[in-house]
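1. Turn this into a model:
(one chain, ligands or ions: 1)
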Amino acid sequence: MSMLARTREVMRRDQVFDIVRPRQDLDARLDTRHGPILYLEDVTVSFDGFRALDALTLYIDDGELRCIIGPNGAGKTTMMDVITGRTRPDSGRAFFGQRLDLLRLQETEIAQAGIGRKFQKPTVFPSHRVVENLELAMAGDRRVWPVLGARLDSAARDRIAAVLDEVGLADVAPRPAGELSHGQKQWLEIGMLLMQEPRLLLVDEPVAGMTHQEMDRTAELLTRLAGRHSVVVVEHDMEFVRSIARKVTVLHQGSVLAEGSMAEVQADPRVVEVYLGE
Ligand SMILES: Nc1ncnc2c1ncn2[C@@H]1O[C@H](COP(=O)(O)OP(=O)(O)OP(=O)(O)O)[C@@H](O)[C@H]1O
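-> Numbering: from 1, shown residues only. Below is the predicted model:
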């Protein structure tokens with residue numbers, strides 16, 4: 001083997017090693033000793049003078065499962081956009097743990113720091129097998145795709161198997177993702193996020209279009225993920241929210257209208273007026 005080929009070989013191996021390395025160094029940078037993993041303080045976002053977020057202040061505790069509800073236009077998507085670096089606020093603070101200032105990071109850096117986002121519509125690779133979708137998700141860096149397959153070490157394979165089990169897709173692992181049901185595609189996409197070992201998962205309307213049985217399984221999955229991950233779920237389906245929620249935040253006109261247990265927010269006349277009474 002020529003010197004150049006040898007160097008390339010070693011570089012490739014390092015790249016693959018890189019993608020399966022545990023994120024201990026990143027975790028060490030995330031200081032959650034005070035409880036919250038996410039701090040949003042006085043966050044304001046204006047679009048042509050209209051305040052989509054209006055001094056929004058919200059804290060998510062490490063390991064918690066939080067549901068965010070609120071009428072259309074309340075600012076839920078804009079909030080997710082601020083957390084993931086898609087939208088920059090006019091003012092306010094957004095921290096991941098106590099030390100990582102999200103407003104100074106690019107979208108890719110925020111994802112690498114451990115914030116995973118699942119959009120409403122599943123975006124799996126339909127012609128790839130389920131298991132391959134997870135491999136690709138692990139190698140977020142597309143440059144290493146060609147060397148995958150052959151070079152996945154046993155730790156990586158174990159992780160893929162664990163995630164397949166976690167999301168309940170072990171039985172369909174060899175099938176093309178395009179053949180899965182809608183619910184299964186959603187779970188696969190959650191699995192793809194899990195391959196990146198996020199500390200915080202943002203999940204947008206996970207049960208839209210699901211059957212009741214799929215909703216039950218999704219509830220079970222998200223509940224199970226909490227603790228090891230922090231999970232923020234934006235959802236309109238109240239039955240689903242009721243089935244998973246410990247703590248609910250109600251957004252209205254870009255700020256927090258109410259927060260508490262489902263029973264507490266349901267009993268709040270302001271919440272009934274702007275949302276639940278619809
Ligand atoms: N890029 C944009 N330009 C102008 N206005 C915007 C933009 N993005 C959002 N808005 C407005 O900001 C407000 C908040 O929108 P957002 O999508 O955050 O609400 P939401 O709570 O997610 O609503 P839904 O439940 O319908 O998804 C809405 O009035 C929306 O029209």
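
2. gap between the host helix or strand of V271 and the chain center?
-> V271 is located in helix 269-271, with elements delineated by DSSP states H and E. In terms of CA atoms, centre = their mean, to the nearest Å, the centre of helix 269-271 is found 29 Å from the chain centre.

3. which other residues reach it?
-> V250, H252, L257, A258, V265 (CB atoms under 8 Å, 6 or more residues apart in numbering). Any C-beta I mention is one placed from the backbone N, CA and C, and that applies to glycine too.

4. mind checking how far the second one is from the ligand?
-> Taking CB to the nearest ligand atom, to the nearest Å as the measure, H252 falls 9 Å from the ligand.

5. So what sits opposite that residue in the bridge?
-> Assessed by DSSP bridges, H252 has beta-bridge partners S255.

6. what does C67 give?
-> On the basis of DSSP bridges, C67 is bridged to V233, V248.

7. helix/strand/coil for G116?
-> strand (DSSP: H, G, I helix; E, B strand; the rest coil).

8. Would you mind writing the CA trace of stretch 39-49 as CSV?
-> Provided in CSV are the C-alpha atoms of stretch 39-49 (Å, rounded to 0.1, in the frame of the first residue of the first chain):
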residue,chain,number,x,y,z
TYR,A,39,-32.9,27.9,30.0
LEU,A,40,-35.0,30.3,27.9
GLU,A,41,-35.2,33.8,29.5
ASP,A,42,-37.0,36.8,28.2
VAL,A,43,-36.8,35.5,24.6
THR,A,44,-38.4,37.9,22.1
VAL,A,45,-38.7,37.2,18.4
SER,A,46,-40.4,39.7,16.1
PHE,A,47,-41.5,39.2,12.5
ASP,A,48,-42.1,42.6,10.9
GLY,A,49,-43.1,44.0,14.2
